[in-house]
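Engineer: Okay, structure incoming, though there's no sequence with it:
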């Protein structure tokens, strides 16, 4: 194999160039995230039963769906949360980590459809939503009025009408949730005393509104078939849905035998209000609409965040006067910052490898060959990422950092073997052929041994296995590609670039001579101490046992965690008051927390949603959540801001 490429070096170069080009194209298309997709797929089912209490929702909505959901393929568990505040049922269906999220969604949708006939008609009319679940938002934005021209009700409604649909069409965005006063709605505040006096029930009012607040298609005038000479055809537009409180007030609820008429305005107060009063949002203490954007699983988080920012900048041009927005939380900033640091680390590692290789090989031609082989192996590794479903994340990049020291070894072995034969008087091409006859087997063996160390990680089950698979497989792929380059590109470049060494007498040569003497002295010292330990095996065994016991002792003292704690640049905070506390009381407590946070050094934005629990994803009056965004990392250098 090596002989073919030594005789045809252009073929080896073309193959390497193709690997680099395809690898670069793959990198551009790969999803970017902080960690691999280790969370088990979850599907969320949401239904609303307006006016019902939590127990009624559980019995009439959650239980029928749960009964049909039992036995779904790859199901781990499921649980439902029923909130009386807004009559909403949220069910989370958790699947095995190895299952396909798209298949899980389809199976869940099928089972929910089977339970549709058992649900109350009001729930079916309101609609049941089945979608992939993402626990934390990708971004949080706040719409506010700096001068206080608009209240949170207007801002939330503006967000629903003008931003919600546009954001869901951004590639990589799966769901958009607006926290605030909610959409505009026609509110009818019933007068119980009037209902009792007239003997009218709420059901009669609802039926009257449904019957008279309708769309009324009226057909055409002059449509075919028509009398001869008909020259025009007109579409008739009749009065449709009602739009003002006055029009709703004129709805007839009952006609009395004596000719009297009972209208809605006689038994209720009508106003244009908010659809939901169970939530309120604030940005740094100012009322506003909070827009949470959730990522579609398996997409590029960084690209999705860029798409959202671009859309918001375009939408800002159409905002009413005195309406502004801020991106109060962007979880991709920590991903971008972390990956930038790792890329810098990779660059530093390559520079250090270059210095070390040049220091030992002591020739720029010999140094150039490993440096050309390293990028080919590293970039070529990304070609197989889509095959295994990998993403660009911190663990896969850490694997590349470690792989740099491994992939350069194969090229160094080839260069040293060729130079040894050249010192014996052979021409570079013949020396390359002779060297590859000797070291091809060891190069392949080393690659297989190193791969055997990391490949078993693929078979570790569960979340832990998914977490470290990309790290291990990345190293294994790069090592195998390095061995391939050592059999193809490195010998071809050695035959072309290497020249017989000539004695030089410059300053660099004197430095190399001094380094060689010191290295030889160090080598002799190492051999001497190794001989002592071989003869005094009891001492070596004692040192080994002491090191092992020391490692066990200190391992019990070091903190244990699933993932290392890192400064993400943001925090989630949860507020919970005693059960049955009102929303007003929750808002007052949240305002005190906001005051503390806004005067805390290092805090940039404090986004508050009162009446919503991030832990259970349901609307509860006595809970609240805070998205706390910190200043940029470069601006938090002092200890008090860390």
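Structural biologist: Right, received. Where do you want to start? In this text, all values refer to a predicted model and were calculated from it rather than measured experimentally.
Engineer: just for the stretch 451-600 of the chain, where's the confidence low?
Structural biologist: Counting by pLDDT under 70, the stretch 451-600 of the chain contains low-confidence residues at 502-505.
Engineer: isn't there a helix covering residue 91?
Structural biologist: No. When the secondary structure is assigned by DSSP: H, G, I helix; E, B strand; the rest coil, residue 91 falls in strand instead of a helix.
Engineer: Across the sheet, point out what pairs with it.
Structural biologist: When bridges are called by DSSP bridges, residue 91 pairs up with residue 45, residue 80.
Engineer: For residue 617, see how far away it is.
Structural biologist: 10 Å (Cβ to Cβ, to the nearest Å). All C-beta atoms are positioned from the backbone trio N, CA, C, and that covers glycine.
Engineer: swap in residue 58?
Structural biologist: From residue 58 across to residue 617, the span is 16 Å (Cβ to Cβ).
Engineer: repeat for residue 9
Structural biologist: Distance check for residue 9 against residue 617: by Cβ to Cβ, it reads 61 Å.
Engineer: And those two? Which one has more around it.
Structural biologist: Neighbours were tallied for residue 9 and for residue 617 using other Cβ atoms under 10 Å; the higher tally belongs to residue 9 (20 against 17).
Engineer: Skip the chain neighbours and tell me the closest residue to the more buried one.
Structural biologist: Counting by Cβ to Cβ, 6 or more residues apart in numbering, residue 9 lies nearest to residue 492, which is 3.7 Å off, once chain neighbours are set aside.
Engineer: residues in contact with the one you found?
Structural biologist: With contact taken as Cβ atoms under 8 Å, 6 or more residues apart in numbering, residue 492 is in contact with 5, 6, 8, 9, 12, 13, 432.
Engineer: Adding distance to residue 134 and pLDDT, write the residues you listed out as JSON lines.
Structural biologist: Conversion of the contacts of residue 492 to JSON lines gives the following (distance: Cβ to Cβ, whole Å; pLDDT from 0 to 100):
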{"residue": "5", "distance to residue 134": "49", "pLDDT": "81"}
{"residue": "6", "distance to residue 134": "53", "pLDDT": "82"}
{"residue": "8", "distance to residue 134": "52", "pLDDT": "84"}
{"residue": "9", "distance to residue 134": "51", "pLDDT": "82"}
{"residue": "12", "distance to residue 134": "46", "pLDDT": "86"}
{"residue": "13", "distance to residue 134": "45", "pLDDT": "88"}
{"residue": "432", "distance to residue 134": "55", "pLDDT": "84"}
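Engineer: element containing the residue nearest to residue 9, please.
Structural biologist: Residue 492 is part of helix 489-497 when elements are defined by DSSP states H and E.
Engineer: Distance from the chain centre to that helix, please.
Structural biologist: When C-alpha coordinates are averaged (Cα atoms, centre = their mean, to the nearest Å), helix 489-497 and its chain have centres 43 Å apart.
Engineer: Could you pull up the residues touching residue 219?
Structural biologist: 235, 236.
Engineer: mind checking the SS state of it?
Structural biologist: Three states are possible here, and by three-state DSSP the one that applies to residue 219 is strand.
Engineer: So, low pLDDT: which residues of the stretch 151-300 of the chain?
Structural biologist: Looking at the stretch 151-300 of the chain by pLDDT under 70, you get 181-182.
Engineer: quick one, strands of it?
Structural biologist: Counting by DSSP state E, counting those that start in this stretch, the stretch 151-300 of the chain has strands at residues 173-179, 184-190, 217-221, 234-237, 252-255, 261-263, 268-274, 280-283, 286-295.
Engineer: who wins for proximity to residue 609 among the ones you listed?
Structural biologist: Taking Cβ to Cβ, strand 173-179 is the member of the strands of the stretch 151-300 of the chain nearest to residue 609, at 4.4 Å.
Engineer: Buried residues, that closest one. List them.
Structural biologist: For strand 173-179, the neighbour count (16 or more other Cβ atoms under 10 Å) marks 173, 174, 175, 176, 178, 179 as buried.
Engineer: how about the nearest residue to the fourth one, chain neighbours excluded?
Structural biologist: What sits nearest to residue 176 in space, not counting adjacent residues and going by Cβ to Cβ, 6+ apart, is residue 167, at 4.6 Å.
Engineer: The third one now?
Structural biologist: On the basis of Cβ to Cβ, 6+ apart, the spatially nearest residue to residue 175 that is not a chain neighbour turns out to be residue 294, at 4.2 Å.
Engineer: residues near the one you found, how many?
Structural biologist: Counted with other Cβ under 10 Å, the burial measure for residue 294 works out to 22 neighbours.
Engineer: give me every residue that touches it.
Structural biologist: 134, 137, 138, 173, 174, 175, 176, 177.
Engineer: SS state for residue 381?
Structural biologist: Applying three-state DSSP: residue 381 is helix.
Engineer: Residue 318 against residue 162, yeah?
Structural biologist: Yes. The pair residue 318 / residue 162 is scored as a contact, 7.5 Å apart, by Cβ atoms under 8 Å.
Engineer: Name the surrounding residues that touch stretch 399-408.
Structural biologist: Taking Cβ under 8 Å, 6+ apart as the criterion, the residues outside stretch 399-408 that touch it are 342, 345-346, 349-350, 353, 357, 370, 373-374, 377-378, 381, 450, 470-475, 478-479, 481-482, 485.
Engineer: what do you get for stretch 582-592?
Structural biologist: Contacts of stretch 582-592 with the rest of the structure, by Cβ under 8 Å, 6+ apart, involve 277-278, 280, 282, 285, 575, 577, 608, 610-611, 621-624, 626.
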